[in-house]
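Enquirer: starting from these lines, generate the structure:
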Amino acid sequence: MTEKEIFAENLEKFVLELKDYVSAEDGQWNVKGFVDIFKNIYTISADTKIVSKILEIHLFPKILHFAQSIGYKVVLAEHQNYYPDISFVKTDNESIKFAVDFKTTYRNPKKLHLCNGFTLGSHGAYFENRTSTKNIQFPYSSYSGHFCLGIIYDRADGATIDETKIHRIDELQSIASVVKNFQFFIAEKWKIASDKGGSGNTANIGSINNIADIISGQGMFSKLGENWFDEYWMNYRKITIQDGKGGTKKISTLREFVAYKNGDISLVVDKRNGE
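Expert: So this is what the prediction gives:
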């Protein structure tokens, strides 16, 4: 097995432990809020950024222990906007590194087979220039693999959460958690990518939304391979073609790109966002 295959296998085994670590017996998050010095509990918000950050803090001791157990050290991103969240660096050979990003999102309450999707990192400077150190902990090309540690959950019904209420410590068990029903997974980011951006104004790669396809790594590039993922996103909206109506347009779909490069369109895996 390659170092990448060994690392991925260890990571996949590791995440199997995490659901029980963060969940109470009824599936609710075992984090209920934060406590002040007077033992008052304040409920946290279900805002995805807040949930994501607290989950990251909650899991970090487990991740440190895991890294040490497989002969790696952990290097955290030096700045908030740096990629990745965690760099795993092999202790006895620091040329071997893996990028791991936390990715959290919630299930669509009306279509439980779908989630809200993730952003999978930038397709800007450090993605195009693989030796660049701008906004990245180590140059992109120095990583042997780029993984997502994904967390999908249900958000609690807003009616059950009162963010304005202060609870006493002896009420802890009766406080409703803001999220529940966690599902953890590991995937290389190219395997769960879509061909659309993940956010409005920033150069972020978007994921697919079908949960079963995310868990099994069947994104739009999963049959084409990582090289197609890299080339597509390096050239996203940069190639101009004729639109067949006498004008021009920028290539912005994977099918158009594969056709332009004379590739096999049948290897494009369409998104499954229907019923």
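Enquirer: show me how far whatever helix or strand residue 99 lives in is from its chain's centre.
Expert: Using DSSP states H and E, residue 99 sits within strand 97-108. In terms of Cα atoms, centre = their mean, to the nearest Å, the centre of strand 97-108 is set 2 Å apart from its chain centre.
Enquirer: residues contacting the residue nearest the centre of the chain?
Expert: The geometric centre of the chain, computed from its C-alpha atoms, lies nearest to residue 103 (Cα atoms, centre = their mean), at 2.7 Å. Residues counted as contacts of residue 103 (Cβ atoms under 8 Å, 6 or more residues apart in numbering) are 118, 119, 120, 148, 149, 150, 151, 207. C-betas here are computed from N, CA, C, even on glycine.
Enquirer: for the residues you listed, which one is nearest residue 236?
Expert: Nearest to residue 236, judged by Cβ to Cβ, of those is residue 120 at 12.6 Å.
Enquirer: in this structure the closest one contacts residue 198, no?
Expert: Yes. With contact defined as Cβ atoms under 8 Å, residue 120 and residue 198 form a contacting pair (6.4 Å).
Enquirer: give me the common contacts of those two.
Expert: By Cβ under 8 Å, 6+ apart, the residues touching both residue 120 and residue 198 are 204, 205, 206, 207.
Enquirer: out of those, which is most surrounded?
Expert: The residue in the shared contacts of residue 120 and residue 198 with the most neighbours, by other Cβ atoms under 10 Å, is residue 207 (29 neighbours).
Enquirer: which one of residue 120 and residue 198 is surrounded by more residues?
Expert: Neighbour totals were compared for residue 120 and residue 198, and residue 120 leads with 24 against 19 (other Cβ under 10 Å).
Enquirer: three-state assignment of the more buried one?
Expert: strand (DSSP: H, G, I helix; E, B strand; the rest coil).
Enquirer: pLDDT score assigned to it?
Expert: Confidence at residue 120, expressed as pLDDT, is 92.
Enquirer: how far away is it from residue 247?
Expert: Residue 120 sits 31 Å away from residue 247, going by Cβ to Cβ, to the nearest Å.
Enquirer: the residue lying farthest from the centre of the chain and residue 204, how far apart?
Expert: Centroid-distance maximum for the chain: residue 246 at 40.4 Å, with Cα atoms, centre = their mean. Going from residue 246 to residue 204 by Cβ to Cβ gives 33 Å.
Enquirer: where does pLDDT dip in this protein?
Expert: In the prediction, the chain carries residues with pLDDT under 70 at positions 158-161, 200-201, 274-275.
Enquirer: tell me how many other residues surround residue 49.
Expert: That count, for residue 49 with other Cβ under 10 Å as the rule, works out to 9.
Enquirer: next one: phi and psi at it?
Expert: Main-chain torsions, residue 49, degrees, to the nearest 10: phi -70, psi -40.
Enquirer: okay, it and residue 221: tell me how far apart.
Expert: 27 Å.
Enquirer: can you list the contacts of residue 103 in CSV and add distance to residue 98?
Expert: Shown next, in CSV, are these (distance: Cβ to Cβ, whole Å):
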residue, distance to residue 98
118, 18
119, 19
120, 15
148, 12
149, 11
150, 15
151, 18
207, 19
